[in-house]
Structure formats: structure tokens, C-alpha cells
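Trainee: Task: produce atomic coordinates for the following.
(one chain, ligands or ions: 1)
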Amino acid sequence: MSHLMAEMPWTQYRRRIDAGAVVLLPLGSVEQHGPHLPLGTDHLLATAVSADAARMLAGRGRDAMVAPALAYGYKSQPHMGGGQAFPGTTSLDAMTLIGQVRDILRELHRHGCRRIVVVNSHCENQAFAWEGIDLARREHPQLRVMRLEYWDFTAPSTLDAVFPDGFPGWALEHAAVVETSLMLHYHPALVDMAALPDEPAAAFPVWDLCPQPDGLVPSQGVLSPARGADAAKGARIAADCVAGIVDAVLRDLR
Ligand code: MN
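Mentor: Predicted coordinates for the structure are as follows:
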């Protein structure tokens, strides 16, 4: 049985919503992820993690469905996604993203859905996703919504194993070891390991300048080296994230 809303007829969807299914809504971006990963990396990973979580939730007695991802996200920030200068990075104004999240939550509520998990994979979306959730709840206070970044469930022991020389931090992980490993696990045909750039990690000041200065971001768009990425690391990180999301939903989204 599919857990992807896009792959089921409305009749099956309605039956599952009526029986109390949770809906996971992946939030992503269309954003450069270096020369070795596709522009859809964020929404592809959010969807893949959500689909695994839905399968595991069903196995633990809580039916779950994954709505089609919101594939576009808020504007890429230089220090966490390389910024807006790269061709292919295709972003929304904040008001647009807030409106999209609010509208989809309102529609899910209209269908009878009362429990939603917003699975974010693009740091820049965070506050605007929250705003969309808040606006939807203002109209529909019965909605209960969990909002999360999937990578936060990665266990410290996993980070120690994946980064024996020290973890560079989630923002600098853009298109680096974690995302490359996860893509090798979920979508290996979309990764070109021969194209991995050799640039050093970005060194950002603690302030932002608008417009973004030339030369601030590594030219290939990878914010710290992706060398050492492999599918086994991706599988381990994914397992942590999927299990963590499932546990959170079972514990806190009653
Ligand atoms: Mn991103």
C-alpha cells in the first residue's frame, strides 16, 4: 500500500483520513547543491525521509500519508545554501511560502485531517513555515501540527562516526557529507561522485551583507568538502532521522 498521497485515489485518501491518518508535508527548495547533486536535493530528501517515516508509523499502528512536497522554498542564504546567485536556485518570497503552507494546511483540514507533520529540509523555510502553520491554526484551532527539520534527529554517536575529524555544523553541511550520503542512499542515480569539487570549507563572517559580496561563497556551491560521503553513512543518518520522527509523532502528536 502506498503512503504517497499523489499515488492514491481520493476514495482511499478519504478512508484513511476518516480513520485518523497523520499527513506528513515535506518542505524543500529548488536550490543549487554543488556540481554533484541535483537542484531538487532538499525536496527529494524531505519526501524520502517522510515516506520512510510513514511506512514505519503504519507498522507501529498509526497510519500516515505523505502529501506532495512543497518543492520551492524561501530564498537561499549564502551561509547555509550558497545564496541566490547560482543559476537553478529558484526561490519564493516569504509571503508566497507562508501562503502556500497556510493554504495546504487549510485544505488538509477541510478534508478532515487534524494531525499534520511539516518535515522541513531547507533551513531558510523555518520561520515562514511556522507562520503558515500559525495562520492556518488561527482559523482551525483543532489542527495539531508538528514542525521539524529532519536532520535534527541524527544521533550524536552517528555524527561522531560520520565525522571523525569533527562535525562542521548543519549550515555548512550544505551539499556536503550528510546531503551527499543521504542522496547516495535514497537516489544514487542522481549523484555524480566524479564531479565532487575540491574547494575548502567556506569561511563566513558572523554578519550578512546585502547585496551578497562577490567571492563569499565557494564557486562550486558546496559549503564544506563532501569527500567521504557514501551510501552506508546515508543509510545510518536516514535511519536515525526516520526513527526519530516516528518516535516524536507517536509521543507528541496525539
Ligand atoms: Mn537548502
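
Trainee: With adjacent residues omitted, what lies nearest to whichever residue of the stretch 151-254 of the chain sits closest to the ion?
Mentor: Here the stretch 151-254 of the chain gets closest to the ion at one residue, residue 174, 6.3 Å apart by CB to the ion. Heads up, the C-betas are built off the backbone N, CA and C, glycines and all. Residue nearest to residue 174 in three dimensions, not counting chain neighbours: residue 223, with 4.3 Å by CB to CB, 6 or more residues apart in numbering.

Trainee: From the ion, how far off is residue 108?
Mentor: Distance, residue 108 to the ion, by CB to the ion, to the nearest Å: 24 Å.

Trainee: next one: the helix or strand encompassing that residue to chain centre, how far?
Mentor: Using DSSP states H and E, the element containing residue 108 is helix 94-111. In terms of CA atoms, centre = their mean, to the nearest Å, the centre of helix 94-111 is found 17 Å from the chain centre.

Trainee: Name the residues that touch that helix?
Mentor: Applying CB atoms under 8 Å, 6 or more residues apart in numbering, the set of residues contacting helix 94-111 from outside is 13-14, 17, 23, 25, 27, 67, 70, 72-74, 92, 116, 118, 125, 128-129, 131-133, 135-137, 139-140, 142-143, 145.

Trainee: after that helix comes which helix or strand?
Mentor: strand 115-120.

Trainee: Residue 181 is in contact with residue 231, correct?
Mentor: Yes. At 6.9 Å, residue 231 counts as touching residue 181 under the criterion of CB atoms under 8 Å.

Trainee: Would you mind telling me which of the two has the busier surroundings?
Mentor: Ranked by neighbour count (other CB atoms under 10 Å), residue 231 and residue 181 place residue 181 first, with 24 against 17.

Trainee: in terms of contact, does the residue of the stretch 151-254 of the chain closest to the ion touch residue 218 like I think?
Mentor: No. Under the criterion of CB under 8 Å, residue 174 is not in contact with residue 218, lying 9.9 Å apart.
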